[in-house]
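Trainee: Next come a sequence and a model predicted from it.
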Amino acid sequence: MKNIDTFLHVRGESQFVDDVVVPEGLLYAAVFSSPIACGKITRLSLAAAKEIDGIYDILTADDIPADNQIGNIIRDEPLLAESEVNFIGQPIALVVGHSAEVARMAMQAIEIEFEELPSIFDAREAYAQGQLIIPPRIVSLGEIEETWQKCDVIVEGQVESGGQEHLYLEMQGAFAYSTEMGGVKVITATQAPRDVQNRIAKVLGLALHHVEVDVLRLGGAFGGKEVQATTWAALVALAAFKLKKPVRLILRRDEDICMTGKRHPYSSDFKMGLAHDGKILAYEVTYYQNAGAFTDISPAVLDRTLLHSTNSYFVPNVKATGFCCRTNLPPNTAFRGFGTPQAMFVIESAIFKAAEKMGVEPSVIQKKNLLQENDEFPYSLKVKNSQARRCWEQAEQVYQLEQIRQDIQDFNSSHSFQKKGLALMPLCYGIAFSSAIFLCQASALLHIYSDDGSISVSTGAVEMGQGLNMKIRLVVSDIFSINVNRIKVESTNTTRVANASPTSASYSADLYGNATKLACLKLLTRIKEFAAKQLNTPHTKDIEIKNETLYLRGKPTELTWDKLISEAYLNRINLSAEGYYTTPNIHFDQSQYKGKPFAYHVFGTAIIEVTVDCLRGTYQINAVKLVHDFGKSLNPLIDRGQAEGAIVQGLGWMTLEELSYANNGRLTSGTLSTYKVPDIYFAPQEIQVHFLENSENPQGIFNSKAIGEPPFIYGIGVYFAIWQAMKAFRPDLQMRFSAPMTPEKVLLSLYDNHIQLMKEKKNGSL
Amino acid sequence: MMITFILNNKKISTDLPSGMVTLDFIRRSERLVGTKESCREGDCGACLILVGEWDGKAVSYQSINSCLLPLAELHGKHVVTIEGLNNHGLSPIQQAIVDEGATQCGYCTPGIVISLTSFFCNQSHFDENQAIAALDGNICRCTGYQAIKRAASQLCRKLNSSVLSDTKKNHLKWLVDAQILPHYFLQIPEQLHKLSLANNEVATKNASEAIIVAGGTDLWVQKPTELYNANLMILSQRKDLKGIRIKQNSYYIGATTSIEEIKKSHIIHKFFPKINDYFKRIASTPIRHRATLGGNIVNASPIGDLTVFFLALETSITITDFPNKRKLALKDFFKAYKQVDKHNNELVEEISFPLPTQKTFFNFEKVSKRTHLDIASVNSAIQIVIDNDMIQQVHLSAGGVAPIPLYLSRTVNYLRGKKIHIDSIREATSIAQSEISPISDVRGSADYKRLLLRQLIYAHFITLFPERFNEGEVLR
């Protein structure tokens, strides 16, 4: 079924924060931020800037009425810098004026001086200097030290994966005005309205009920508006509160990229031991996570990394250690996958290195170690309902893997410079808020209007393109058996649904779908009881609603949905209900790193094929072919779109998307002309999606499975496919593990011998 | 001075500054918020609009990035935003996007609708690959493009059969009947015609102090604030500076000819059959609609694609200060980084270069991080005249390897008179290294750019004379 939200999108009628009709007297804000990565502010003078025509006021940390603090897990992040700055782009002052242009212009008149301090941008260097945000975290299983001597093959290596800019098309922004009784109302684009409400209340010293946060929809988020949307909402709330004027702040693209955190870069060490037959016996890994200047939710990201250290494989002896390292980059944050892709890139690298050493196809090792029923994860949970092998084997069959291999071989032997490569990428992805068990709760509020039977649903979840509102409608429409057009999903508002968990972890369709389902069932029971009474039957089981008509013992009655609802109202039946859901049977012991932190797991396998131009170092992604475990999809059109979108983002992370910094920490790829994300030509020529059949998932809403994040993982396969193609050109090449694999890295690797010669020649001639 | 145009179905006259960008005008002044702001540098397509121009017979529509389009350029035109395309129901384009799930968050979607609409306005046969090419200026971060490609493909199939059965109609009438455009579009030609009669140009106050605007696609990225209230000389109003012709064994291309016009020109295709392949890697369709040959040359970017392309064609450049003209070799035009041999009161009028002969071989190479809509790490062009297996004449250029778009004179001098043989090519790549001075920047390290130029010189010869080389030789 089509997503009816998209009717508005194609007509340009969907409203985003910057599109909302604004009140008279609106003021515009711009953020003055730190130009240096680390230092003390020795002088700050706003006088000249305040004199500029059109400037209303400039707010700094001194203007914050209560607590200058927006830290999420740890209280270490000021809303506005006080005496020191810790990254380039850290907000120092909010300039408020009669236009955004004049506010930005006035920033140039702000006088500021610093005492610069040494800065760190590298995670390992931060670790060496003891800059750890939290104590090391360790997950282990079996007896790793005793196992090494039993291994036939041992490989070790270092793996780098880069950061990634979210590049949601809609920039961060918010709009706020003061309300009676001294409160504020904020219209913003956040994945976490509750967090925004909490932080604003603390910053302004208000009770939470005086802070209303409303979110209509987001123009993309991908994790980038989970924690990082708070700053901008809190800044306009502060301005509206202090100045008693409506204030709007929309970041410009370059400001957004410069000031906000990104996917965490990781540097990792691995050691893997295997038996002759390819069985993995032991795996030891250490992750150095580059967390940036403040904690944000880096520890939670690190948790997920550790929990996914072994991807889709059973490894009997594991030790994974994670260091959350403080550097002077913007605080890194949630991004689709939430630490999982970083973990999986490392174990895949280890497997490819082992395969290189053993002279076997990497897929032999991958397949041999796939999770089987009751195999144990490093956190001691035994896997249930594992689809790992089924997905892999179906991918082999459906796409005729052997034929693909043969075609590639034929192509490579008949082409000199063009070489094809292939890699398989399996995944196993845990669903739920892992270590933050308390977030696994959700509520929904449902109203049926008496005169026309139309329905309004409010949940704590935010629509950001993932099709959640449509899925909620499908749940309601399915339970009441009514047309989806009768159902409207409202904006996400803290006054209608309180204490909502962020829309993240791919888990909102499950959480809010279930909460909505419970609300619907409450109403359905009431309606059926009422109808039974009206129709003089003692059994509600005789009553059924089908296609908007009430049926009695299988026969249609005159009561259509509208009539039924209208009758119910006249008979004083409550037509509103709240549903509240918590995930059953999950628990996690943070001190031991053991437990059942996930409701279920998602599985899948992808085959990735690329062609590398070994003369120019460029490449084309020919195909991504997957067998993916969607459970029983709620909406195949939406789910397929989620899979395709996630895959292309994953491909981007592994290839083009490169964050470059100057020595002083300034981002040099902070615009769309310098930070390249996939375009329509870069995207694979084809993505084939095969829905795994007969995968039941009673833990998901209507047997479905979460879809937002897991397919991102498939993108990792492209890294290895590119290397396989390069090795077809130069068989002596040894793989290195440093993503993204840009065309520059491809060419420099293919011709490393020539580069060496060129340098020697240059030095010799001097 | 009033700027007068038609915005969707409404005539607009405004005295707002002519340097204000159209995006701000439509979103802020007119509150047409369907057009989205995202990058403000022409790199995402969220702000695309259609601009229709009356040519005396019909109105032709092009997709344009409204973030880089000054109000002055709207004078006498038809400006169409997503709101102006909305009918009572969905257009077939909008419907296909809904059907295929080709929109998720919806922020890039109006731009996608505009690009596809522009495509169907400008073609009479709809090829799927060309429809996809029309989307080369649209970034979507949600869908991974597969559903968008499916929508484009579905549309081409469906609309091809409709357009074929309706060949008698004029295209505009067909577009309206097919509900791609709303009914009011039928009145636009007449309205624009009337506007053009009543119309005089947006006058430039003082020509010698004015900022010369060709396509503006770099100017409004670099200094939009400065341009907002500036005195602008809008060259697009000078029709005499536009056009492509062949005269006395030479090509002449007017300075304000757009990249897209060159790409599509039948006259160019005659001697450059691969021009489409070369030029589709330059910018994006909407940028190519605006960006001009002259602008690319005068901008003097060391990596300018057109400049590097024409440097290898023995191009001359004609400069005028009204009425005096002078002509010089393009390779002598560039003096230092962003410095050219041109005074403020001078204007580049046209370029010219000799027609290729049957013995002439030409190739253009460009490598950038992303193949499309990206700035090159290194680009290069070569033209070779071969006689009896001997290189009789050769011109070789490269961008991204020096402060200016570089003509590789020493390499050229060496190659002239040599046979096409791996040894001479290898020596040429080595000489080229001594002519260049690349720097490390966001487009790549200096080492990479050096290596890349070497590879691209090989690529020229391997592309032009594929039978003569094998990979072992290049690897050595």
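Mentor: Sure thing, it's come through.
Trainee: Contacts only, for residue 115.
Mentor: Using chain A here. Residue A:115 is in contact with A:39-40, A:42, counting by C-beta atoms under 8 Å, 6 or more residues apart in numbering or on different chains. Quick note: C-beta positions are derived from backbone N, CA and C, even for glycine.
Trainee: that's the other chain; I wanted chain B
Mentor: Contacts of residue B:115 by C-beta under 8 Å, 6+ apart are B:45, B:48, B:63, B:134-135, B:137-138, B:285-286.
Trainee: what residue ranges in chain B score low on pLDDT?
Mentor: Applying pLDDT under 70 to chain B flags residues B:166-168, B:199-208, B:471-472, B:475-476.
Trainee: returning to that earlier point: which one of the contacts of residue B:115 is nearest chain A?
Mentor: Among those, residue B:135 lies closest to chain A (C-beta to the nearest C-beta), at 5.0 Å.
Trainee: Wasn't the closest one part of a strand?
Mentor: No: in this structure, residue B:135 is coil, not part of a strand, as judged by DSSP: H, G, I helix; E, B strand; the rest coil.
Trainee: close enough to count as contact, it and residue B:44?
Mentor: No: look at residue B:135 against residue B:44 with C-beta atoms under 8 Å: they stay out of range, at 12.0 Å.
Trainee: does residue B:10 have beta-bridge partners, and which?
Mentor: Beta bridges link residue B:10 to residue B:7 when assigned by DSSP bridges.
Trainee: tell me the contacts of the closest residue to chain A within chain B?
Mentor: Nearest to chain A in chain B, going by C-beta to the nearest C-beta, is residue B:34, at a distance of 2.4 Å. Listed by C-beta under 8 Å, 6+ apart, the contact partners of residue B:34 are A:11-13, B:81-83, B:110.
Trainee: ok, so what distance separates it from residue B:142?
Mentor: Applying C-beta to C-beta, to the nearest Å, the value for residue B:34 to residue B:142 is 18 Å.
Trainee: all strands for the stretch 151-300 of chain A, in order.
Mentor: Counting by DSSP state E, counting those that start in this stretch, residue ranges of the strands within the stretch 151-300 of chain A are A:153-161, A:173-178, A:184-188, A:211-215, A:247-250, A:266-274, A:280-292.
Trainee: quick one, which of these is nearest to chain B?
Mentor: That would be strand A:247-250 among the strands of the stretch 151-300 of chain A, by C-beta to the nearest C-beta, at 8.0 Å.
Trainee: helices or strands up against that closest one?
Mentor: Packing contacts for strand A:247-250, counted by 3 or more C-beta pairs under 8 Å, 6 or more residues apart in numbering or on different chains; DSSP states H and E, involve strand A:27-33, strand A:173-178, helix A:230-243.
Trainee: Neighbour count for residue B:135 and residue B:44, which is higher?
Mentor: Neighbours were counted for residue B:135 and for residue B:44 using other C-beta atoms under 10 Å in any protein chain shown; residue B:44 has more, 30 against 26.
Trainee: Now the more buried one: which helix or strand?
Mentor: For residue B:44, there is no helix or strand it lies in under DSSP states H and E.
Trainee: dump the residue contacts of it.
Mentor: Contacts for residue B:44 (C-beta under 8 Å, 6+ apart) come out as A:169, A:672, B:38, B:108, B:111, B:138-139.
Trainee: Next, work out how far apart the residue most central in space within chain B and residue B:255 are.
Mentor: Nearest residue to the geometric centre of chain B (C-alpha atoms, centre = their mean): residue B:288, 2.0 Å. Applying C-beta to C-beta, the value for residue B:288 to residue B:255 is 16 Å.
Trainee: now do residue B:454
Mentor: If you go by C-beta to C-beta, the gap between residue B:454 and residue B:255 works out to 33 Å.
Trainee: swap in residue B:434?
Mentor: Residue B:434 is 34 Å from residue B:255, by C-beta to C-beta.
Trainee: ok, those two, which is more surrounded?
Mentor: A side-by-side neighbour count of residue B:434 and residue B:255, using other C-beta under 10 Å, places residue B:255 first with 25 against 11.
Trainee: residues touching the more buried one, list them.
Mentor: B:214, B:235, B:241, B:292-295, B:297, B:347-351.
Trainee: Now it: closest residue in space that isn't a chain neighbour?
Mentor: Residue nearest to residue B:255 in three dimensions, not counting chain neighbours: residue B:294, with 2.8 Å by C-beta to C-beta, 6 or more residues apart in numbering or on different chains.
Trainee: wait, which of the strands of the stretch 151-300 of chain A is closest to residue B:21?
Mentor: Closest approach to residue B:21 among those (C-beta to C-beta): strand A:247-250, 15.7 Å.
Trainee: Spell out which strands sit alongside that closest one in the sheet and which way each one runs.
Mentor: When DSSP bridges is applied, strand A:247-250 pairs with strand A:27-33 (parallel), strand A:173-178 (antiparallel).
Trainee: Just to be sure, residue B:326 is in a helix?
Mentor: No: assessed with three-state DSSP, residue B:326 is strand; it does not lie in a helix.
Trainee: still on that earlier bit, tell me which of the helices and strands packed on strand A:247-250 is the most buried.
Mentor: Stretch with highest mean neighbour count among the helices and strands packed on strand A:247-250: helix A:230-243 (a mean of 27; mean count of other C-beta atoms under 10 Å in any protein chain shown).
Trainee: tell me the average confidence for that one?
Mentor: For helix A:230-243, mean pLDDT rounds to 98.
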